[in-house]
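Participant: Predicted structure and sequence below. I'll ask about it afterward.
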Amino acid sequence: MLLQDNWRYSWQALIRHKLRTGLLLIAVAIGVTSVLLLTSLGEGARLFIEKEFSAMGHEVMIVLPGKKETTGGAVPIYGNSPRDLTIDDAIAMEKISTVKAVAPIIAGTSLLSYQGKSREVITLGSSADIFSIRKLTVSHGRQFTNKSKDPGQAVCVIGSTIKQQLFGNINAVGKWLRFSGQRFRVIGVLQERGESMGLDMRQMAIIPIQSAETLFDSPALFRVLLELKQSGSEKYTEEKLIELIKKRHDGEDDITILTQNSLMSSFNNILNLVTASIGAIAAISLVVAGFLIMNVSYVSVARRKQEIGLLKALGATSNEVRLLFLIESLLLVSFGVIVGLILGYGLTNIAAFMWPTFPLAIPWWATLASISIALFIGLLFSWLPASHAAKHDPVLALRGN
Amino acid sequence: MKKAKVALIELQNINKSYVIGEQPLQVLKQVNLTINKGDYLSIMGPSGSGKSTLLNMIGMLDRPDNGEYKLANKSTVTINEEARALLRRDHVGFIFQNFHLIPRLTAQENAELPLMLAGISAKIRRARVNNVFARLGILDRAAHLPKQLSGGQLQRVAIARAMVMEPDILLADEPTGNLDQRSGLEVIELLEELNQQGITLIMVTHDQQLGNRANRQLTMVDGKITQDISANVIAR
Ligand SMILES: Nc1ncnc2c1ncn2[C@@H]1O[C@H](COP(=O)(O)OP(=O)(O)OP(=O)(O)O)[C@@H](O)[C@H]1O
Ligand SMILES: [Mg+2]
């Protein structure tokens, strides 16, 4: 039998039973669609986090005080707590050849008040480089421009939400604010940009680092942000940083260095795993569809007993009969897959249109996996009924009327 | 025209029993039968005497429990089912009492089935079926579904289906059983015409008159051939 005749014969058998075919098709389609939808949620979460991280910039490294022992080494006997990172440490980092900009950060909260209104606000003390490294721009006024002019000055740049809450619609630039009693002049208002790495920059105030040192009465740095001249030099820079800190901290490399790549890859691993797991759960609905196909096929084989007997009387071999029924299931599953793909992609597109901030996306491997799982299950579960059909004794099959 | 007598079908000591419940029921008992190429044979006998079983045996739809069956001098009992299916496809045409047409396929498609199974291209199939349909006078019914055809027409489609592979043997199990007298006779005349052209025709029938038309008439009783009358004894 020619293959195209095989397909045509099976196709005619399928369209003959529209209701049965339709129901099985829907079952397969639902399975495929749910795999696509659920994995797109997982992939969306991954993309969302990736987007957040990319706001940090590829060439940015973060240096934290204290060593994070992820390998679970022994607790030091002499309990010398980690040394603080200092502004001088940060200044020394500028000397590393691959480093373009350094933004040491002192963080604390202060009570901001203006004409009787006041608010508790997270205040970052940093250098002018923080603006370029964190890609912050001002909508009004200016940033700290000159490192030699602004440091130590009582100036501040405030987030847009704070500006609204304290000043309303009047221009804040040039006004004097009180930071826990000390007077600072507003020189700029940050462009609204939303969250960045989990920090809502609209709710923050930035002041020069020397001012922060006196405001919080502590030289200890919260962290240091580094921007590299080019990506690819992270490894080298990391080694240089450790070397430098060891020299400055009496042989202790008591810092933790985070890069975007290292953070992102660990998040990616976790989220891919999560996505694959929910995809696998969704694939259960495909298995259910497979059982449906199997049962319905058994009924169909029983109903078409005479046809099978006839085919054998006309010289069809058992293998040819089996193939006819297998192709029937394969056709059915293929159409189910196509409908499922259309539904899955259609629904994610609609969802992406309705909730544009959450980046829904069907991962390529989920598409491949749902197609191959559906086809595999279709063949697996129709193998038994098809073989059953092939085994029919033609004499008996032709007898029953 | 004088035909050389060539043995086409040779059944030797064929036994066949079916197990119904606990008891085995012997349906064919030591059957010996040789049929020549081009013969026209009728098989008659009471219901349950094993006529259909014998026909199915000849058509290789069924296997004997023991005994030998040679088709054109080759044993058919030692080969596997696959090979028997191919022999059946190429040498045997079946015609049934209840036609056994596939309801979802048109007359044309039904008649094309054996050609399709043999892997013959659609173009050649169409031409061959058209040819046979024209001979059987149902060319104008080619696109009809079985439910749109009369009994006589249905059996013609079935005959066409049996003919398209140009088989050596035509096995007809009560081909007129579901037809009125007139169309039954027409169908028999068609089959006889095919026999005139050289095909070996073996027909099971309950109708004594129709059975008498054959050159050789077998009677079966209880799994045995009890009578074997050849045409030279009976005037036609
Ligand atoms: N596959 C089978 N399984 C069990 N018993 C069978 C089978 N095929 C035939 N028989 C039995 O064998 C006997 C002969 O059957 P067969 O069909 O050959 O008779 P028949 O002469 O064709 O009868 P009829 O004229 O009614 O068609 C019957 O008793 C039947 O019930
Ligand atoms: Mg019978």
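Facilitator: Sure thing, it's come through. Ligands and ions are numbered 1, 2, ... in the order given.
Participant: The stretch 251-400 of chain A: strands as residue ranges?
Facilitator: Here the stretch 251-400 of chain A has its strands, by DSSP state E, counting those that start in this stretch, at A:255-259.
Participant: and the helix or strand containing A:Ala212, what other elements does it pack with?
Facilitator: Assigned by DSSP states H and E, A:Ala212 belongs to helix A:209-216. Judged by 3 or more C-beta pairs under 8 Å, 6 or more residues apart in numbering or on different chains; DSSP states H and E, helix A:209-216 is in contact with helix A:87-93, strand A:99-114, strand A:117-126. Where you see a C-beta, it was placed from the backbone N, CA and C, and this is true even at glycine.
Participant: And the next helix or strand past that helix?
Facilitator: Remark: after helix A:209-216, the chain's next helix or strand is strand A:223-228, criterion DSSP H and E.
Participant: And the next helix or strand along the chain from that following strand, what does it pack against?
Facilitator: Next helix or strand after strand A:223-228 toward the C-terminus (DSSP H and E): helix A:234-248. Judged by 3+ C-beta pairs under 8 Å, 6+ apart, helix A:234-248 is in contact with strand A:60-65, helix A:87-93, strand A:223-228, strand A:255-259.
Participant: Please repeat the previous calculation with a cut-off of 7 Å.
Facilitator: In terms of contacts (3 or more C-beta pairs under 7 Å, 6 or more residues apart in numbering or on different chains; DSSP states H and E), helix A:234-248 is packed against strand A:60-65, helix A:87-93, strand A:255-259.
Participant: In space, what's closest to the residue of chain B found nearest chain A - neighbours in sequence excluded?
Facilitator: Closest to chain A within chain B is B:Arg89: 2.2 Å, counting by C-beta to the nearest C-beta. Excluding its sequence neighbours, the residue lying closest to B:Arg89 (C-beta to C-beta, 6 or more residues apart in numbering or on different chains) is A:Gly315, at 2.2 Å.
Participant: so the one you found sits right up against B:Gly93, yeah?
Facilitator: No: if you go by C-beta atoms under 7 Å, A:Gly315 and B:Gly93 don't touch, sitting 9.9 Å apart.
Participant: which parts of the helix holding A:Ala212 are buried?
Facilitator: A:209-213, A:215-216 (16 or more other C-beta atoms under 10 Å in any protein chain shown).
Participant: Residues touching that helix, excluding its own?
Facilitator: Outside of helix A:209-216, the residues that reach it under the criterion C-beta atoms under 7 Å, 6 or more residues apart in numbering or on different chains are A:87, A:104, A:106, A:108, A:110, A:123, A:125-127, A:151-154, A:179-180, A:182, A:219.
Participant: Of those residues, just the buried ones, ChimeraX syntax please.
Facilitator: Listed next is the ChimeraX selection for buried residues among those, using 16+ other C-beta under 10 Å:
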select /A:87,104,106,108,110,123,125,126,127,151,154,179,180,219
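Participant: With just CA atoms, put stretch A:216-234 into PDB.
Facilitator: Output of stretch A:216-234 as PDB, limited to C-alpha atoms (Å, rounded to 0.1, in the frame of the first residue of the first chain):
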ATOM      1  CA  PHE A 216      25.000  58.300  59.800                       C
ATOM      2  CA  ASP A 217      28.200  58.700  61.800                       C
ATOM      3  CA  SER A 218      29.700  55.600  60.300                       C
ATOM      4  CA  PRO A 219      32.300  55.000  57.600                       C
ATOM      5  CA  ALA A 220      31.200  51.400  57.000                       C
ATOM      6  CA  LEU A 221      30.100  50.800  53.500                       C
ATOM      7  CA  PHE A 222      26.800  48.900  52.700                       C
ATOM      8  CA  ARG A 223      28.300  47.800  49.400                       C
ATOM      9  CA  VAL A 224      30.400  48.900  46.500                       C
ATOM     10  CA  LEU A 225      29.200  49.000  42.900                       C
ATOM     11  CA  LEU A 226      31.800  48.600  40.200                       C
ATOM     12  CA  GLU A 227      31.500  49.200  36.600                       C
ATOM     13  CA  LEU A 228      34.000  47.500  34.300                       C
ATOM     14  CA  LYS A 229      35.400  49.000  31.100                       C
ATOM     15  CA  GLN A 230      34.300  45.900  29.200                       C
ATOM     16  CA  SER A 231      32.500  42.700  29.900                       C
ATOM     17  CA  GLY A 232      34.600  39.600  29.900                       C
ATOM     18  CA  SER A 233      37.100  40.900  32.500                       C
ATOM     19  CA  GLU A 234      35.000  39.900  35.500                       C
END
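Participant: what comes up buried for that stretch?
Facilitator: A:216, A:219, A:221-228, A:233-234.
Participant: How about stretch B:99-108?
Facilitator: B:99-102, B:104-108.
Participant: residue boundaries of the helices in the chain?
Facilitator: I'll assume chain A. Using DSSP state H, the helices of chain A run over A:3-16, A:18-54, A:87-93, A:129-133, A:160-167, A:209-216, A:234-248, A:260-303, A:305-313, A:318-354, A:364-390, A:394-399.
Participant: if you could check chain B rather than the one you did, that'd help
Facilitator: With helices called from DSSP H, chain B shows them at B:51-58, B:81-91, B:107-117, B:122-136, B:151-163, B:181-196, B:208-211.
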